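> A structural model of the following input is requested.
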Amino acid sequence: MFIDTHAHLNYENKYGDMPALLQAIAAAGVREVINVGWDLPSSRLAAKMAESGPGALPRLYFAAGFHPSDCAKMQEGDLQRLAALLAGPRGVAVGEIGLDYHYDGTDEAAQKRAFAAQLELAHSLGLPVVIHSRDAAADTLALLQENRTKLAAGGVMHCFSGSPETAKEYLKLGLYISFAGPVTFKNARRLDEVAKAVPADRILAETDSPYLAPEPLRGTLNTPANVVRVYEKLALLRGVPTAELAAQVRKNAHTLFKKMDQPEP
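Next comes the predicted model:
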């Protein structure tokens, strides 16, 4: 069945009735969701939500980290606090981390420092990284190339929106490429090219909920239940059955996020 490799269910009061939402997600065939933090409180909540019992569906895993737009919140000792969270059995990655130059007045140097520090954290923990890059393609690639030794556990370019050429450079670093709702948009021609070209063993799918709802739901509150539409579009572009793509993505996710396959205490 389906996995949503990147969602943000860890918003207080964003989705309403969470038990009902989780039931709807499971009913859509989504069996696993990676719930991703963007600062310390959201990472803690993601970790808390992942404490659901082993039989509960969807099974929630989590990533913990500081989003580039939230890196000013980082305080002394926060990296150690992230590490403590990720010691749990369902803490599968450091993220989301990266660079975001979209807004005026961005402290690019501070973002680079936070990004590099969290790459080091992931390396020390033996965990993959979940990478965000917005309006910062050149610097993101350069920083990752400079820190390629810190990528031994791998990583994913989440919600990829770049060019085929940029995707090739990330693939050379051993990274995975993940597609979200924008691949379903009618004007996504360049993204369509990337989706067709990414090797089968490096492709992932996500929603980035509550953002970026896929067509024809664009503009509404997104949830992991909608990841099925992303799979359907990717399967169409790649000329394979949706079930085959779903099985491949699940295999890829479990290969990258290795703790998903570890027996829980």
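
> ok, now which ones touch L143?
99, 112, 115-116 (C-beta atoms under 8 Å, 6 or more residues apart in numbering). C-betas here are computed from N, CA, C, even on glycine.

> From those, pick the one nearest H158.
L99 (12.6 Å; C-beta to C-beta).

> Next step: the contacts of L143 restricted to strands.
The members of the contacts of L143 that map onto strands under DSSP state E are L99.

> for the stretch 51-200 of the chain, what spans make up the helices?
For the stretch 51-200 of the chain, the helices defined by DSSP state H, counting those that start in this stretch cover 78-86, 108-125, 137-146, 164-172, 189-197.

> so what does the second one touch, helix or strand wise?
I take that to be helix 108-125. The contact analysis (3 or more C-beta pairs under 8 Å, 6 or more residues apart in numbering; DSSP states H and E) places helix 108-125 against helix 78-86, strand 91-100, strand 129-134, helix 137-146.

> if we go to 10 Å?
Packing partners of helix 108-125 (3 or more C-beta pairs under 10 Å, 6 or more residues apart in numbering; DSSP states H and E): strand 59-64, helix 78-86, strand 91-100, strand 129-134, helix 137-146.

> Okay, buried residues for that helix please.
Judged by neighbour count (16 or more other C-beta atoms under 10 Å), helix 108-125 contains these buried residues: 111-112, 114-119, 121-123, 125.

> Next, format those residues as JSON lines and append distance to L21 and pLDDT.
Listed next are the buried residues of helix 108-125 as JSON lines, based on distance: C-beta to C-beta, whole Å; pLDDT from 0 to 100:
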{"residue": "Q111", "distance to L21": "32", "pLDDT": "98"}
{"residue": "K112", "distance to L21": "36", "pLDDT": "98"}
{"residue": "A114", "distance to L21": "31", "pLDDT": "98"}
{"residue": "F115", "distance to L21": "32", "pLDDT": "98"}
{"residue": "A116", "distance to L21": "36", "pLDDT": "98"}
{"residue": "A117", "distance to L21": "34", "pLDDT": "98"}
{"residue": "Q118", "distance to L21": "29", "pLDDT": "98"}
{"residue": "L119", "distance to L21": "33", "pLDDT": "98"}
{"residue": "L121", "distance to L21": "31", "pLDDT": "98"}
{"residue": "A122", "distance to L21": "29", "pLDDT": "98"}
{"residue": "H123", "distance to L21": "35", "pLDDT": "98"}
{"residue": "L125", "distance to L21": "30", "pLDDT": "98"}
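
> From the residues you listed, pick the one nearest H132.
F115 (9.4 Å).

> if we can go back for a sec, CSV for the helices of the stretch 51-200 of the chain, including distance to P19?
Output for those, formatted as CSV (distance: least, C-beta to C-beta, whole Å):
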stretch, distance to P19
helix 78-86, 23
helix 108-125, 31
helix 137-146, 38
helix 164-172, 37
helix 189-197, 34
